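Asker: I need the structure of the sequence given here:
(one chain, ligands or ions: 1)
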Amino acid sequence: MGRFPEGFLWGGATAANQLEGAYNEGGKGLSIFDMVTFVPKEERGNNIEMDVTSEEELDELLAGKKGDNFPKRRGIDFYHRYKEDIALFAEMGFKTFRLSISWPRIFPNGDEQQPNEEGLAFYDKVFDELANHGIEPLVTLSHYEIPLHLVKKYNGWADRRLVDFFVHYAETVFERYKDKVKYWLTFNEINISTISPYIGSGILVDRVEHKEQAVYQALHHQFVASARAVKACHEIIPDAKIGCMLARMEVYPETCNPDDVLAALEEDQKNLFFTDVQVRGYYPSFMNRYFEENNIKIEMLPGDEEMLRQHTVDFLSFSYYMTMVASGAPDKAKEKGNFFSGIKNPFLEASDWGWQIDPKGLRITLKKLYDRYQVPLFIVENGLGAYDTVEEDGSINDDYRIDYLRAHIEQMGEAIKDGVDLMGYTSWGCIDLISAGTSEMSKRYGFIYVDQDDYGNGTLERRKKKSFEWYKQVIATNGDML
Ligand code: BG6
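Answerer: Alright, predicted model coming up:
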């Protein structure tokens, strides 16, 4: 027997807001990411650009006063080209394809009773096309696509009423696609709100007095909504599996000094807080001190704790791109080594975007998550964002991407040998798409090249990279030939 179990779900991952385009077609309403403009690297530096913080900023963006380059509005036009794209995924042998449903395609404002039939019909066509090719959809309910109206009217998830709106949306799509979709995820990277309250929870921070209070209260609403969605999914689609999704950040101590070890442990706990709630079904006690010291009081309604406890997820999915380093020294200057600020790890190389590459960290992550939770795991994002060059003969020789993926898949194999129950692997951005953090097109992750630049110029033609044939072979041999 090979390293990977039979039925292992190999595939690729995407999100509606970075892929579909057609932001104003088919009755779709605006979403939070439709409002984020492209800012060139010279102006942005190493920062990510995805937060909107005030009503004024939102109005200026809506009025086009901050430029008109909104890359996530155009995506890569999957909305019109899904057949061609799915055929390419099928050619690679995908067993599964991760996509998200754009919430405002189904409920343009988010708080209506009646869904938008045109939006529902679009995903019917996509799921049917996947079924024609024998590809199992893995669907995220919320991947940074909160309807903009919910931000303007309610300040996003800060308002408890969003729980009902979300559950209504979830029930609508479970009912509609119950015969077509068996794998679901509730919130993509639920922990992102602590970094970007706008993208994670639809909160304009200028409207709140105490940012962290608002974020953790919004997260409580999202936990409850997620548990209610799990309940609804199990009732409506008894043979479905539904998971949570975490941006996993393994944290290493900078040295074996106990101060560093403790700092790393505490950083790690803050990351695992989210899955503690969604997998174990209750708030971990270590957060009490954090809440107290930061003057955060979570308002819970009667029944919330029971809902969390009774409707935990079937599996834990996560994204994995890098690891972090923590120091206990209070005055230690923090270098910006990663997506989230942190200390650089001298043992690791970094991508062109400074994301430190750590395949062994993936094995450590898998082992640690499995030790802690004992539920099936699913890697639903991993990959290398890189600049690709199209050679004169039209080829794209992305050996760096193959090396990156090979090293990570090898470590997955080791973790499986270590006893980890791993359901599948969907590499991020299997077809080039718009970057979440920088809105660049030039930060490419795909096996399939898409002819488009950061300004939307290009033919949108699809072209196979060298990694396309490589991944095809990985899947065909169930991970034996890397
Ligand atoms: C994850 C997101 O954070 O990382 C994806 O779930 C995102 O939406 C991916 O695209 C990679 O990040 P970026 O900024 O390189 O697109």
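
Asker: wait, does stretch 180-193 make contact with the ligand?
Answerer: Yes: judged by C-beta under 6 Å from any ligand atom, stretch 180-193 and the ligand are in contact via Asn188, Glu189. C-betas here are computed from N, CA, C, even on glycine.

Asker: for Asp128, helix, strand, or coil?
Answerer: helix (DSSP: H, G, I helix; E, B strand; the rest coil).

Asker: interface residues of the chain facing the ligand?
Answerer: By C-beta under 6 Å from any ligand atom, the residues of the chain that approach the ligand are 15, 18, 188-189, 247, 319, 381, 385, 428, 435-438, 443.

Asker: just the pLDDT for the nearest residue to Tyr373 once chain neighbours are set aside.
Answerer: Among residues not flanking Tyr373 along the chain, Val279 sits closest, at 4.8 Å (C-beta to C-beta, 6 or more residues apart in numbering). In this model, Val279 is scored at 98, pLDDT.

Asker: for Val279, what are its contacts?
Answerer: Cys244, Thr312, Val313, Leu316, Tyr373, Val375 (C-beta atoms under 8 Å, 6 or more residues apart in numbering).

Asker: among the residues of the chain next to the ligand, which are located in helices?
Answerer: Gln18 (DSSP state H).

Asker: for the ligand, what's the nearest residue on the stretch 1-150 of the chain?
Answerer: Nearest to the ligand, among the residues of the stretch 1-150 of the chain, is Ala15, at 5.0 Å (C-beta to the nearest ligand atom).

Asker: so that residue makes contact with Ala436?
Answerer: Yes: between Ala15 and Ala436 there is a contact at 7.5 Å, judged by C-beta atoms under 8 Å.

Asker: of these two, who's got more company?
Answerer: Ranked by neighbour count (other C-beta atoms under 10 Å), Ala15 and Ala436 place Ala15 first, with 27 against 24.

Asker: what about this protein, any weak spots by pLDDT?
Answerer: 1, 333-341 (pLDDT under 70).

Asker: go with 80
Answerer: For the chain, residues meeting the criterion pLDDT under 80 lie at 1-2, 45-50, 330-342.

Asker: and the residue nearest the centre of it, what does it touch?
Answerer: Centroid-nearest residue in the chain, with C-alpha atoms, centre = their mean: Asn188, separated by 4.3 Å. Counting by C-beta under 8 Å, 6+ apart, Asn188 touches Ala15, Ser100, Thr140, Ser142, His143, Tyr144, Met245.

Asker: before we move on, the earlier item: show me the residues of the chain next to the ligand that map onto strands.
Answerer: Assigned to strands by DSSP state E, the following of those qualify: Ala247, Ser319, Glu381, Trp428.

Asker: need those residues in CSV (columns: distance to Ser395).
Answerer: Conversion of these to CSV gives the following (distance: C-beta to C-beta, whole Å):
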residue, distance to Ser395
Ala247, 34
Ser319, 29
Glu381, 27
Trp428, 23
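
Asker: among those residues, name the buried ones.
Answerer: Ala247, Ser319, Glu381, Trp428 (16 or more other C-beta atoms under 10 Å).

Asker: which residues in the stretch 201-350 of the chain form helices?
Answerer: Using DSSP state H, counting those that start in this stretch, the helices found in the stretch 201-350 of the chain span residues 211-236, 258-275, 286-293, 304-310.

Asker: hang on, isn't Val474 packed against Ser467?
Answerer: No: contact between Val474 and Ser467 fails when scored by C-beta under 8 Å: they sit 9.7 Å apart.

Asker: now list whatever residues contact both of the two.
Answerer: Leu405.

Asker: compare the two (neighbour count), which wins?
Answerer: Neighbours were counted for Val474 and for Ser467 using other C-beta under 10 Å; Ser467 has more, 30 against 24.

Asker: Provide a list of residues in contact with the more buried one.
Answerer: Residues near Ser467 by C-beta under 8 Å, 6+ apart: Asp398, Arg401, Ile402, Leu405, Phe447.

Asker: please repeat the previous calculation with a cut-off of 10 Å.
Answerer: By C-beta atoms under 10 Å, 6 or more residues apart in numbering, the contact list for Ser467 reads 92, 384, 388, 396-406, 427, 430, 445-449, 474.

Asker: if you look at those, which of them are in strands?
Answerer: Mapping the contacts of Ser467 onto strands (DSSP E) picks out Ser427, Ile448, Tyr449.

Asker: most neighbours among those residues, which one is it?
Answerer: Neighbour count (other C-beta under 10 Å) singles out Ser427 as the most crowded of the ones in strands among the contacts of Ser467, with 27 neighbours.

Asker: hang on, that residue packs against Ile402?
Answerer: No: look at Ser427 against Ile402 with C-beta atoms under 10 Å: they stay out of range, at 11.4 Å.

Asker: quickly list what's touching both of the two.
Answerer: When C-beta under 10 Å, 6+ apart defines a contact, the residues bordering Ser427 and Ile402 alike are Leu384, Phe447, Ser467, Tyr471, Val474.

Asker: the third one: which element?
Answerer: Taking DSSP states H and E as the definition, one finds Ser467 inside helix 466-476.

Asker: with just CA atoms, put that helix into PDB.
Answerer: In PDB, the C-alpha atoms belonging to helix 466-476 read as follows (Å, rounded to 0.1, in the frame of the first residue of the first chain):
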ATOM      1  CA  LYS A 466       4.800  22.400 -16.200                       C
ATOM      2  CA  SER A 467       3.300  21.700 -12.800                       C
ATOM      3  CA  PHE A 468       0.100  20.700 -14.500                       C
ATOM      4  CA  GLU A 469       1.500  17.400 -15.800                       C
ATOM      5  CA  TRP A 470       3.400  16.900 -12.500                       C
ATOM      6  CA  TYR A 471       0.200  17.200 -10.400                       C
ATOM      7  CA  LYS A 472      -1.600  15.000 -12.800                       C
ATOM      8  CA  GLN A 473       0.900  12.300 -12.100                       C
ATOM      9  CA  VAL A 474       0.800  12.800  -8.400                       C
ATOM     10  CA  ILE A 475      -3.000  12.200  -8.400                       C
ATOM     11  CA  ALA A 476      -2.800   9.300 -10.900                       C
END
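
Asker: just the contacts of Asn188 now: which is nearest Leu366?
Answerer: Comparing the contacts of Asn188 against Leu366 with C-beta to C-beta places Met245 closest, at 15.3 Å.
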